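**Student:** need a 3D model of the following:
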Amino acid sequence: MSALLRVVSRSAALAVALCAAPGLASAQTCNAPDSMKAALAGHPTADTFADLGIFLANQKQYACAAYAFATSLKMKPDSANVLFMFGTSLFFSGHAEDAVAPLQAAEQMEGWNLKTHLLLAAVFDQLHRSDEAEADWRAALGIDPESTEALDGLAQDLVPDRKFAETIELLENPRAARLRTAVQSLNLGIAYAGTGQTGQAIDALRDGLNTTPGSTAIANELADLLGRADQIDDAVAVLALARHPEDQETALHALRLLMAANSGKAKQAGQDLLRAFPKSWEALYLNGVLAMQDGDFSQARAYLSQSIALNTGFALTHSALGVVLARMNDLAGAKAELDRAIALGDTSEETHENLARVVAASHPAVSQLL
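**Tutor:** Now for the predicted structure:
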């Protein structure tokens, strides 16, 4: 317990510093309620400080609450509940690393406590310690196999590590009639896709979208799978159903799918997108590409130039404008744009070849040597 007391002392000092920090004093004064002032002025007990911590935590003054819980633990260090609340306050005050020791101590005392495993797993996830988070998510599921929070959290940790078979086993196990959350449906679809089971992936994502029709994350994943299966119209329809009027990214996604499939609907979709989001650099870029493909180089130049004015750092816009300017016989402008694209990271063979052609066209002697 002495090691824990050292953590408590260090975290208490941290909590005091936070409460006294400039800019926090007015928002977090660490003042006790009038009903507790008499008890605190006399001979306060560990329970008194624990009650103060609960009051402060309820006021979202988490740094102050952490100090109160730390003071309580100095007097009575073996309270699993206060250790849990101390760790929680540290976590919500932005000090996840310091929250680990008290939460682990609470877990050792009360390993059956679901909420401790859930919070500790969340702390480990924030610290990018996914193996430890996974262990606590599984411990939570050992206590409550139906814990939505644990199922969501574990699935979120398994998929980035490409543990697709484990994800499928976790989320497909028969459970007491329950619907999957959006997080579970999304990760199950990704897991099936990751194992090459495209049909099952599409089914899982469709089921998820039926349950949570507003989930753009599921819609985007499903649309990608449908697009790769050459079901472009279905993919765009999925995105249209899920998209909110202000959801620019999903509209962009739909246009990119149409363009990749060389769909005749792409041009109209691009114009619709631009009307909805006239200041979107990416909408301007995609419309510029469409105009270029249509041979309307003047319009393409206008769109691409506007896009660059809004976002100078996207290499492909400069590449496209370089091609357009070359087609318009502005070789100096084309070279400048292609050079800029390469400087921004466009390493494609096509861009380097376009630059070589522009240089050759600009210098007939070079052209004869190539």
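**Student:** residue 347: neighbour count?
**Tutor:** Per other CB atoms under 10 Å, the neighbour tally for residue 347 reads 9. In short, each C-beta sits where N, CA and C put it, glycine included.
**Student:** and what about it, helix, strand or coil?
**Tutor:** Put simply, residue 347 is coil when judged by DSSP: H, G, I helix; E, B strand; the rest coil.
**Student:** what separation do you get for it and residue 316?
**Tutor:** 12 Å (CB to CB, to the nearest Å).
**Student:** for residue 108, same thing?
**Tutor:** The gap separating residue 108 from residue 316 is 54 Å, by CB to CB.
**Student:** and those two? which has more neighbours close in?
**Tutor:** Counting neighbours by other CB under 10 Å for residue 108 and for residue 316 shows that residue 316 has the greater number, 17 against 12.
**Student:** which residues does the more buried one contact?
**Tutor:** Taking CB atoms under 8 Å, 6 or more residues apart in numbering as the criterion, residue 316 is in contact with 285, 341, 346.
**Student:** and residue 167, by the same measure?
**Tutor:** 155, 158-159, 187-188, 190-191.
**Student:** need the contact list for residue 240.
**Tutor:** For residue 240, the contacting residues are residue 254, by CB under 8 Å, 6+ apart.
**Student:** ok, the contacts of residue 316 vs residue 66, which is closest?
**Tutor:** Proximity of the contacts of residue 316 to residue 66 was ranked by CB to CB; the top entry is residue 285 with 48.2 Å.
**Student:** buried stuff in the helix or strand where the closest one lies?
**Tutor:** If you go by DSSP states H and E, residue 285 is part of helix 281-293. When neighbours are counted by 16 or more other CB atoms under 10 Å, the buried residues of helix 281-293 are found to be 281-292.
**Student:** any low-confidence regions in this structure?
**Tutor:** Counting by pLDDT under 70, the low-confidence segments of the chain come to 1-29, 174-178, 245, 364-370.
**Student:** show me the strands in it, by range?
**Tutor:** With DSSP state E as the definition, the chain shows no strands.
**Student:** for residue 307, which non-adjacent residue is spatially closest?
**Tutor:** Here the nearest residue to residue 307 in space, its sequence neighbours aside, is residue 284; by CB to CB, 6 or more residues apart in numbering that works out to 3.8 Å.
**Student:** who's in contact with residue 333?
**Tutor:** Listed by CB under 8 Å, 6+ apart, the contact set of residue 333 reads 322, 325.
**Student:** give me the distance between it and residue 81.
**Tutor:** With CB to CB as the criterion, residue 333 and residue 81 are 70 Å apart.
**Student:** residue 172: how many residues sit nearby?
**Tutor:** Residue 172 is flanked by 14 other residues according to other CB under 10 Å.
**Student:** you'd agree it is up against residue 187?
**Tutor:** No. Applying CB atoms under 8 Å as the test, residue 172 and residue 187 come out as separate, 11.6 Å apart.
**Student:** much appreciated, bye for now.
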